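# Generate coordinates for the sequence data below:
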Amino acid sequence: LYREALRQRRNLPELHTGQLRWLSEERDVLVFARGAALVCVVNLAEAPAELPDHTGVLLASNPLDDRGRLPKDTAVWLAV
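Numbering: from 1, shown residues only. Presented below is the predicted three-dimensional model:
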């Protein structure tokens, strides 16, 4: 996971220059955008979290569930 995150960071300009914008005010699900093409979601809740609209998963700390939701204690980088 660590090596893949570093590889993605090298290939995604949003991680170097994109402004951080918070997209959610939920207490247990953190959602923020970096630039216009990347959204990061971290689920700290006990229940799976719905993901925002996206075109693909760039990196995930665990697989999504069978309904495409983010399991608890999981983070994901999404292409939007």
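# would you say Leu58 is within a strand?
Yes - assessed by DSSP: H, G, I helix; E, B strand; the rest coil, Leu58 belongs to a strand.
# what's the pLDDT at the nearest residue to it once chain neighbours are set aside?
If the residues on either side of it in the chain are set aside, Leu58 comes closest to Trp77, at 4.3 Å by CB to CB, 6 or more residues apart in numbering. Heads up, the C-betas are built off the backbone N, CA and C, glycines and all. With respect to pLDDT, Trp77 has a value of 95.
# and Trp77, helix, strand or coil?
strand.
# can you count the residues close to Pro48?
Using other CB atoms under 10 Å, Pro48 is surrounded by 18 other residues.
# Then Leu70?
Counted with other CB under 10 Å, residues neighbouring Leu70 total 26.
# So what sits opposite it in the bridge?
Counting by DSSP bridges, Leu70 forms beta bridges with Ala49.
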